[in-house]
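Enquirer: Structure of the sequence below:
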Amino acid sequence: MDTYRFQIAEEFEGLRVDKFLSSNLDFLSRSYLQKMIREQKVLINGRTVKANYMLKEEDEVEFTLPPSVEPEILPQDIPLDILYEDEDVVVVNKPKGMVVHPAAGHYSDTLVNALMFHCKDSLSGINGVMRPGIVHRIDKDTTGSLIVCKNDFAHEAIAMQLKEHTIVRRYRAICLGALKEDEYRIEAPIGRHPIERKKMAVNFKNGKTAVTHVKVLERLKNATYVECRLETGRTHQIRVHLSSMGHPLLGDELYGDNKNKYGLQGQTLHAYILGFCHPRDNRYVETIAELPKYFEILLQKLK
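Expert: Below is the predicted model:
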């Protein structure tokens, strides 16, 4: 069993314990942590508390994570928009709001559940039962192309291309404000945010190299339609890089200003083009995921 201990600093005084833990243990959902609090796995100053306990400076929080039991991930008949498929790989156009793979407290209605139904037993096993076939991922509210591997041979080959940055990944996005230049090369290391653990940030001390190429496609009303090409693939890379320039993606409540004036569900980010060398015969394969309807409607509104 893993035990996590925190001593509360002044800046966290008055914060609910469940919210504090979900921010600092970002691999666990808040609902799961609330369940752990009810099961008395969380102690504050040696005593059990409720999830709405308000932290005080110098409180000592101790959380014991029970031994993990891998849940059974079940296939679900969820429609998939398939852009390319053969015996080795499948490229899907992921819709907005769909999580890629199961995680603690969320084991159904994910892309993996849908893939298990569609592919039956033909998914790579390198990433374990929670992430069969998954070699890379995109955020829940990001739409577009995602490559999935049907066997370990394909998985290893695609993983190597990702590591060597040879896979072509071009995104379409709408960012706040007017970009001055037509093209940018953003090189700034990305790492975990020092305080808000669910966020990433430009981090020159502990971050990993991250490079994003940005090209202006169209200037809109107080917004810019851009293409972003990933040279590296860090978590939230495009969202963090554009936000660091003062141009967060429209609808991005994590890295933007929380003023969602267009009623958007998450960031306006779409994985438009995905290109890779096929693991079996090395031929180049490229797919295009057409812009989702909400994205096209928003572009028209902003013109």
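
Enquirer: which residues touch P71?
Expert: Shown in contact with P71 (CB atoms under 8 Å, 6 or more residues apart in numbering): 102, 107. Yep, even glycine has a C-beta here, placed from its N, CA and C like the rest.

Enquirer: Same question for S23.
Expert: Contacts for S23 (CB under 8 Å, 6+ apart) come out as 196-198.

Enquirer: from what I can see I8 touches K56, true?
Expert: Yes. In this structure, I8 is within contact of K56 by CB atoms under 8 Å, at 6.7 Å.

Enquirer: Tell me which of these two has more neighbours.
Expert: I8 (18 against 13; other CB atoms under 10 Å).

Enquirer: Report the secondary structure state of G97.
Expert: coil (DSSP: H, G, I helix; E, B strand; the rest coil).

Enquirer: burial count for it?
Expert: Neighbours of G97 under the rule other CB under 10 Å: 11.

Enquirer: neighbour-wise, which of the contacts of S23 leads?
Expert: Of these, with other CB under 10 Å as the count, R197 tops at 16 neighbours.

Enquirer: Could you double-check that that residue sits in contact with L21?
Expert: No. R197 is not in contact with L21 according to CB under 8 Å; the separation is 9.9 Å.

Enquirer: which sections of the stretch 51-200 of the chain are below the confidence cut-off?
Expert: 68-70, 105 (pLDDT under 70).

Enquirer: 80 - rerun?
Expert: 67-71, 104-106, 197 (pLDDT under 80).

Enquirer: hey, where'd the helices end up in it?
Expert: Counting by DSSP state H, counting those that start in this stretch, one finds helices in the stretch 51-200 of the chain at the ranges 111-119, 152-163.

Enquirer: Tabulate the contacts of S23 (JSON lines), appending distance to N282.
Expert: Shown next, in JSON lines, are the contacts of S23 (distance: CB to CB, whole Å):
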{"residue": "E196", "distance to N282": "43"}
{"residue": "R197", "distance to N282": "41"}
{"residue": "K198", "distance to N282": "39"}
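
Enquirer: now, which of those lie within strands?
Expert: Among these, none falls in strands (DSSP state E).

Enquirer: Go ahead and produce PDB holding the CA coordinates of stretch 10-28.
Expert: What follows is stretch 10-28, C-alpha atoms only, in PDB (Å, rounded to 0.1, in the frame of the first residue of the first chain):
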ATOM      1  CA  GLU A  10      -0.900  28.700   4.600                       C
ATOM      2  CA  GLU A  11      -2.000  29.100   0.900                       C
ATOM      3  CA  PHE A  12      -4.200  25.900   1.200                       C
ATOM      4  CA  GLU A  13      -6.000  26.900   4.400                       C
ATOM      5  CA  GLY A  14      -9.700  26.900   4.000                       C
ATOM      6  CA  LEU A  15      -9.600  24.400   1.100                       C
ATOM      7  CA  ARG A  16     -11.700  21.200   1.200                       C
ATOM      8  CA  VAL A  17      -9.600  18.200   1.900                       C
ATOM      9  CA  ASP A  18     -11.100  16.200  -1.100                       C
ATOM     10  CA  LYS A  19     -10.300  19.100  -3.400                       C
ATOM     11  CA  PHE A  20      -6.800  19.400  -2.100                       C
ATOM     12  CA  LEU A  21      -6.100  15.700  -2.500                       C
ATOM     13  CA  SER A  22      -7.500  15.600  -6.100                       C
ATOM     14  CA  SER A  23      -5.200  18.500  -7.000                       C
ATOM     15  CA  ASN A  24      -2.200  16.900  -5.600                       C
ATOM     16  CA  LEU A  25      -2.900  13.300  -6.600                       C
ATOM     17  CA  ASP A  26      -4.000  14.000 -10.100                       C
ATOM     18  CA  PHE A  27      -4.000  10.300 -11.100                       C
ATOM     19  CA  LEU A  28      -7.100   9.800  -8.900                       C
END
